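Chemist: Task: produce atomic coordinates for the following.
(one chain, ligands or ions: 1)
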Amino acid sequence: MGHKMKLQHFAENLRFPNFFQPDYPELQKGFALKGKWKRDFFGNDHDLIVELGCGKGEYTVGLAEKYPGKNFIGVDIKGARMWKGAKAAVDNKMDNVAFLRTRVELISYCFDVDEINEIWITFPDPQPRPKQVRKRLTSPRFLKMYRELMQSGGLLHIKTDNRPFFEYSAGVLSELGFEVLFQTTDLYQSQWQGEAKSFTTFYEKKFLEVGMPINYLKAKMVGNDRVKESENNSFFKRVYDVVRQIPHGRVTSYGAIAAFLGSKGSARMVGWAMNASHNSPMPVPAHRVLNRNGVLTGKHHFGSSELMQQLLENEGIEVKADQVVDLQKYFWDPAKELKR
Ligand SMILES: C[S@@+](CC[C@H](N)C(=O)[O-])C[C@H]1O[C@@H](n2cnc3c(N)ncnc32)[C@H](O)[C@@H]1O
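Modeler: Got it, this is the predicted structure:
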């Protein structure tokens, strides 16, 4: 988009009645619509659905058209992109749509506790480098914030082309007591019938054109009062409890942990738990968990790709071509070693 066009869009955004772009001093003073979106802007008491990183707002506008009995707000920092959704809503006289230009980091200045019923995160920037983890819209600091702002039982949807981001998000969600209701790593090949298939965003179109499968998950926020209990009992937590008991110089496999936890088919979930284990408040010796052939499949989640091997070698375990040599010698089976 040319510079002139951008300026034109910025100017029009200022005139749209559905477009809000509070600056930081205004947020600090107290944003007038915080806690009052339904009453003071939408003029009703309908559910509020928020799309984070909405870009041009395909979901915000698409869902709003389909569900006139619900309220929708698209949030992004890029005003020129948001213009498209805001203009479509104004042109079509949609009174259940607003756009809020702010950083997601600041949404607790814009929404009150329990004000949001549902959140969509559509094709967020994956922020792949370890240094960028905090910027991911599903990192613990963001999810804790959403948890505060969402009503108990509220739904969170994530659509992304990026598999590592997806697995990371599933891990953090589970750690923070969200219940994952459905997940797929190939939405359009799945039997899923929900809204995740109803709209194609600007970025999604680009990914589909080059044949990328789309990952999607739907999670439920359990009540804040129940979060602690759920955190303690979550599958990831149980995995970490087992991994912390693997002795120095021994290794196990994703499948062996899954079988020990009574969920043989969940080896992949154990893998996801290991990939997210750096989020756990207590250290988890994730380097001691390998695939069933002793291959270091999780090595890319260790900051540097050589670190997992180094940690194993420091414990006297020989590794060649990313695989533990003589796996049986070091193998530790939780089903045999731990009492249930
Ligand atoms: C890859 S684009 C996806 C846009 C749109 N959802 C789509 O699928 O076409 C990611 C969007 O997230 C926005 N974004 C990323 N981090 C943000 C943040 N911290 N606060 C607000 N917006 C953010 C960017 O401005 C960008 O528009």
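
Chemist: ends of stretch 109-117, how far apart?
Modeler: With C-alpha to C-alpha, to the nearest Å as the measure, stretch 109-117 spans 17 Å from end to end.

Chemist: got a list of contacts for that stretch?
Modeler: With C-beta atoms under 8 Å, 6 or more residues apart in numbering as the test, stretch 109-117 has contacts from 22, 27-28, 31, 33-35, 37-38, 47-50, 75, 100, 102, 146, 148-152, 154-155. Where C-beta positions appear, they are placed from N, C-alpha and C, glycine not excepted.

Chemist: Stretch 266-282 now?
Modeler: Taking C-beta under 8 Å, 6+ apart as the rule, stretch 266-282 contacts 140, 164, 167-168, 170-172, 174-175, 235-236, 239-240, 243-244, 253-255, 257-258, 261, 263, 284, 286, 289, 292, 297-298, 301.

Chemist: which ones among those are found in strands?
Modeler: Ser253, Val289 (DSSP state E).

Chemist: From the contacts of stretch 266-282, which land in helices?
Modeler: 140, 164, 167-168, 170-172, 174-175, 235-236, 239-240, 243, 254-255, 257-258 (DSSP state H).

Chemist: just the buried members of these?
Modeler: Buried subset of the ones in helices among the contacts of stretch 266-282 (neighbour count, 16 or more other C-beta atoms under 10 Å): 140, 167-168, 170-172, 174-175, 235-236, 239-240, 243, 254-255, 257-258.

Chemist: for the protein, what's the longest strand?
Modeler: For the chain, the longest strand by residue count, based on DSSP E, is strand 150-160.

Chemist: what angle sits between it and helix 163-175?
Modeler: 160 degrees (axes from the mean of the first three to the mean of the last three C-alpha atoms, to 10 degrees).

Chemist: Mind listing what's buried along strand 150-160?
Modeler: Buried residues in strand 150-160 (16+ other C-beta under 10 Å): Met150, Gln151, Gly154, Leu155, Leu156, His157, Ile158, Lys159, Thr160.

Chemist: Please see if that strand touches the ligand.
Modeler: No. Strand 150-160 stays clear of the ligand (C-beta under 6 Å from any ligand atom), getting no nearer than 7.6 Å.

Chemist: now for that strand, which elements pack on it?
Modeler: The contact analysis (3 or more C-beta pairs under 8 Å, 6 or more residues apart in numbering; DSSP states H and E) places strand 150-160 against strand 116-122, helix 163-175, strand 215-221, helix 224-233.

Chemist: who does the third one pair up with?
Modeler: Within its sheet, strand 215-221 is paired with strand 150-160 (antiparallel), strand 178-184 (antiparallel), according to DSSP bridges.

Chemist: Distance to Gln132 for the ones you listed - can I get that in CSV?
Modeler: Conversion of the strands paired with strand 215-221 to CSV gives the following (distance: least, C-beta to C-beta, whole Å):
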stretch, distance to Gln132
strand 150-160, 15
strand 178-184, 22
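
Chemist: Mind putting the ones you listed into TSV with mean pLDDT?
Modeler: As requested, the strands paired with strand 215-221 are arranged in TSV below (pLDDT from 0 to 100):
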stretch	mean pLDDT
strand 150-160	95
strand 178-184	92
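
Chemist: Can you tell me which helix or strand of the protein has the lowest average pLDDT?
Modeler: Ranked by mean pLDDT, DSSP states H and E, the weakest helix or strand in the chain is helix 224-233, scoring a mean of 48.

Chemist: Contact partners for the residue nearest to Val180 when sequence neighbours are not counted?
Modeler: Leaving aside its chain neighbours, Val180 sits nearest to Ala219 (4.8 Å; criterion: C-beta to C-beta, 6 or more residues apart in numbering). Contact partners of Ala219, counting by C-beta under 8 Å, 6+ apart, are Leu155, Leu156, His157, Ile158, Leu173, Phe178, Glu179, Val180, Leu181.

Chemist: Stretch 21-35 - what's its average pLDDT?
Modeler: Across stretch 21-35, the average pLDDT comes to 93.

Chemist: does any part of that stretch sit near the ligand?
Modeler: No. Stretch 21-35 stays out of contact with the ligand when judged by C-beta under 6 Å from any ligand atom, the minimum separation being 11.7 Å.

Chemist: Outside of that stretch itself, list whatever touches it.
Modeler: Stretch 21-35 is touched from outside by 13, 20, 40-41, 79, 100-102, 106, 109-112, 115, with contacts defined as C-beta under 8 Å, 6+ apart.
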